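Student: how does the following fold in three dimensions:
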Amino acid sequence: MTRQMALVGFLQAQNCTNLPSSWRHPESRDDSMSADYYQEIARILERGKFHMAFFDDRLAMPDRYGNDHAHTVEYGIRCVKMDPIVVLTTMGMVTEKLGLASTASTTYFEPFDVARRFATLDLMTNGRAAWNVVTSVNDGEALNMGREHHLEHDLRYDRADEFMEVVLGHWDCWEDGSLLIDKKSGRFADPTKVKRLDHQGPFFKSRGPFTVPRSPQGHPVVIQAGASGRGQRFAGRWGEVIFTAARNLANAKQGYDAIRGEAAKAGRDPDQMFLCNLITPVTGATRAEAEDRMAVIQKLPLEIDALSLLAEGLNFDFGAKPIDEPLTTEELQGMQGMLGIRDGVLRTSGKTNPSTRDFITFSGRGQVQDAIVGGPKEIADRLEEMFVGRGCDGFVIAASYVPGSYADFVDHVVPELQRRGLFHKDYAGKTLRENLGLKRPAAGAWKARPQAAAE
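Tutor: Numbers count the residues shown, from 1 in each chain. Here you go, the predicted structure:
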């Protein structure tokens with residue numbers, strides 16, 4: 001079959017999308033703390049045959065800028081953060097094929113708990129669940145979860161590797177065919193096919209036996225978004241859907257080849273993973289209509305949006321020095337969290353010691369200058385270039401206002417992608433794996449792979 005792209009809707013269980021100013025848009029719904037808000041988005045995405053709705057998440061509101069949360073609350077900069085798994089459940093109730101993905105941190109949760117939550121979601125949605133594996137980014141999350149400081153970057157990934165082994169180990173504990181449910185004999189399941197994990201490692205101990213049988217898709221799809229070198233190794237070892245954020249084809253191809261190379265080193269089939277690039281499309285029936293929409297959207301962001309999200313993402317207080325004063329090498333090296341942001345600013349600015357204003361300009365955090373603006377043809381042209389050029393296998397669609405951005409894309413761009421044969425016209429099956437074209441994993445198959453990529 002001709003290669004076709006995957007589409008993912010990028011969501012937040014909060015008062016705004018990933019664009020913090022989206023709640024200010026005159027056409028955005030203002031009931032983002034209601035089930036109906038998310039259920040409408042779910043129906044739109046399923047109507048557009050999206051493979052997945054995905055929730056990003058943090059365990060703290062942005063409060064690293066000035067070490068205070070006042071600006072976050074006052075300007076609505078992602079200050080509301082609900083539990084995305086609960087929100088996803090409400091979306092699953094009004095859909096049948098749409099994949100449902102949530103973030104959960106390996107740094108602040110226990111493996112058994114995460115394994116059970118997602119395995120349960122997978123059963124409740126008939127095999128449509130996915131887990132986005134993150135290691136979290138800043139001290140605010142640490143303080144909310146009873147820690148004094150966020151763990152060092154590479155140590156978090158070392159810990160996350162073992163976390164994955166425990167979660168997958170639990171998911172493998174019930175073999176296929178374990179359930180008997182024989183009322184005449186009184187036997188519910190075959191005890192020879194349900195094992196204890198008995199894991200003991202440097203970071204975790206977990207006994208089992210696990211309490212949730214396997215789902216129709218085996219176990220939830222694993223999502224990852226590692227951008228640093230260590231993060232790419234982790235993504236190559238574990239990720240089945242990988243989120244990227246390249247701004248052009250050249251950078252996209254570099255990241256695409258790097259992560260697929262890490263997967264191959266880990267003994268995996270690189271074709272059994274999807275790299276999906278984040279984009280913010282602003283579209284309409286025509287280019288002129290899209291440009292009119294963009295004119296409204298451009299007026300929404302404030303400078304504080306970028307400063308807040310930069311401080312959150314890099315666990316660094318950008319308010320501690322004048323905005324135009326160059327950051328020291330020591331300050332740059334001391335940044336944590338999403339180091340791909342820092343590295344991208346260093347690369348694109350060409351400066352060894354960029355200022356805070358440079359970070360605002362070159363990072364795109366909280367801004368809309370990276371939006372792709374155009375009618376169906378212009379948007380489809382840009383996506384086709386990156387997809388056919390092997391910069392990615394699909395796209396994560398971010399919204400600038402809700403739910404209108406999703407509806408605009410579904411109504412105008414999806415039909416054009418389908419006309420070009422780049423996107424499917426209907427779902428291939430019922431489970432997320434079937435619809436992505438991923439094989440159903442055999443229990444324990446991951447253990448047979450070499451682990452060179454994670455070393």
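
Student: so how many other residues sit close to residue 164?
Tutor: By other C-beta atoms under 10 Å, 21 other residues sit near residue 164. In this view, the C-beta of every residue, glycine as well, is placed from N, C-alpha and C.

Student: now it: how far from residue 133?
Tutor: 7 Å (C-beta to C-beta, to the nearest Å).

Student: shared neighbours, these two?
Tutor: Counting by C-beta atoms under 8 Å, 6 or more residues apart in numbering, the shared contacts of residue 164 and residue 133 are 106, 222, 238.

Student: among the residues you listed, which lie within strands?
Tutor: Those of the shared contacts of residue 164 and residue 133 mapping onto strands are residue 222, per DSSP state E.

Student: residue 393: which of the shared contacts of residue 164 and residue 133 is nearest?
Tutor: Distance to residue 393, by C-beta to C-beta, is smallest for residue 222 among the shared contacts of residue 164 and residue 133, at 15.4 Å.

Student: who's in contact with that closest one?
Tutor: Taking C-beta under 8 Å, 6+ apart, one finds 130, 131, 133, 164, 238, 239, 240, 241 in contact with residue 222.

Student: in the stretch 51-200 of the chain, which spans are strands?
Tutor: For the stretch 51-200 of the chain, applying DSSP state E, counting those that start in this stretch gives strands covering 52-56, 99-105, 129-134, 179-182, 187-189, 199-200.

Student: can you pull out the helices in the stretch 351-455 of the chain?
Tutor: Taking DSSP state H, counting those that start in this stretch as the test, the helices found in the stretch 351-455 of the chain are 356-363, 376-388, 404-408, 414-419, 432-436.

Student: among the ones you listed, single out whichever gets nearest to residue 209.
Tutor: Between the helices of the stretch 351-455 of the chain, helix 432-436 lies closest to residue 209; by C-beta to C-beta that is 24.4 Å.

Student: quick check: closest non-adjacent residue to residue 62.
Tutor: Closest residue to residue 62 apart from its sequence neighbours, by C-beta to C-beta, 6 or more residues apart in numbering: residue 312 at 3.9 Å.

Student: brain fart, residue 402
Tutor: Leaving aside its sequence neighbours, residue 402 sits nearest to residue 28 (C-beta to C-beta, 6+ apart; 5.1 Å).

Student: tell me, how many residues neighbour that neighbour?
Tutor: Neighbourhood size, residue 28 [other C-beta under 10 Å]: 21.

Student: that one looks like it's in a strand, true?
Tutor: No. Applying DSSP: H, G, I helix; E, B strand; the rest coil, one finds residue 28 to be coil, outside a strand.

Student: how close does it get to residue 257?
Tutor: From residue 28 over to residue 257 (counting by C-beta to C-beta), the distance is 38 Å.

Student: from residue 87, how far out is residue 81?
Tutor: Using C-beta to C-beta, residue 81 is found at 11 Å from residue 87.

Student: give me the contacts around stretch 18-33.
Tutor: 10, 12, 14-16, 37, 40, 56, 75-78, 80, 82, 280, 296-297, 300-302, 305, 308-309, 366, 368, 398-404.

Student: before we move on, the earlier item: quick one, which of the strands of the stretch 51-200 of the chain is nearest to residue 374?
Tutor: strand 52-56 (24.0 Å).

Student: show me the contact partners of that closest one.
Tutor: Residues contacting strand 52-56 (C-beta under 8 Å, 6+ apart): 6-13, 18, 41-42, 45, 84, 87-88, 91, 98-103, 130, 132, 223, 241, 243, 396, 432.

Student: alpha carbons only: can I get it in CSV?
Tutor: C-alpha atoms of strand 52-56 as CSV (Å, rounded to 0.1, in the frame of the first residue of the first chain):
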residue,chain,number,x,y,z
MET,A,52,-5.1,10.0,17.8
ALA,A,53,-6.0,12.7,20.2
PHE,A,54,-3.0,13.4,22.4
PHE,A,55,-2.7,15.2,25.7
ASP,A,56,0.5,16.9,26.8
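
Student: what angle do it and strand 99-105 make?
Tutor: 20 degrees (axes from the mean of the first three to the mean of the last three C-alpha atoms, to 10 degrees).

Student: the spatially closest residue to residue 302 that is not a sequence neighbour: neighbour count?
Tutor: Nearest non-adjacent residue to residue 302, counting by C-beta to C-beta, 6+ apart: residue 75, 6.3 Å away. Residue 75 is flanked by 17 other residues according to other C-beta under 10 Å.

Student: follow-up on the earlier one: how about the strands of the stretch 51-200 of the chain in a markdown table, adding mean neighbour count, mean pLDDT and distance to residue 381?
Tutor: A markdown table is the format used below for the strands of the stretch 51-200 of the chain (neighbours: other C-beta atoms under 10 Å; pLDDT from 0 to 100; distance: least, C-beta to C-beta, whole Å):
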| stretch | mean neighbour count | mean pLDDT | distance to residue 381 |
| --- | --- | --- | --- |
| strand 52-56 | 26 | 96 | 24 |
| strand 99-105 | 26 | 97 | 27 |
| strand 129-134 | 25 | 97 | 29 |
| strand 179-182 | 12 | 97 | 50 |
| strand 187-189 | 13 | 97 | 54 |
| strand 199-200 | 13 | 97 | 50 |
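
Student: residue 428: which of the ones you listed is closest?
Tutor: Among the strands of the stretch 51-200 of the chain, strand 99-105 comes nearest to residue 428, with 12.1 Å by C-beta to C-beta.
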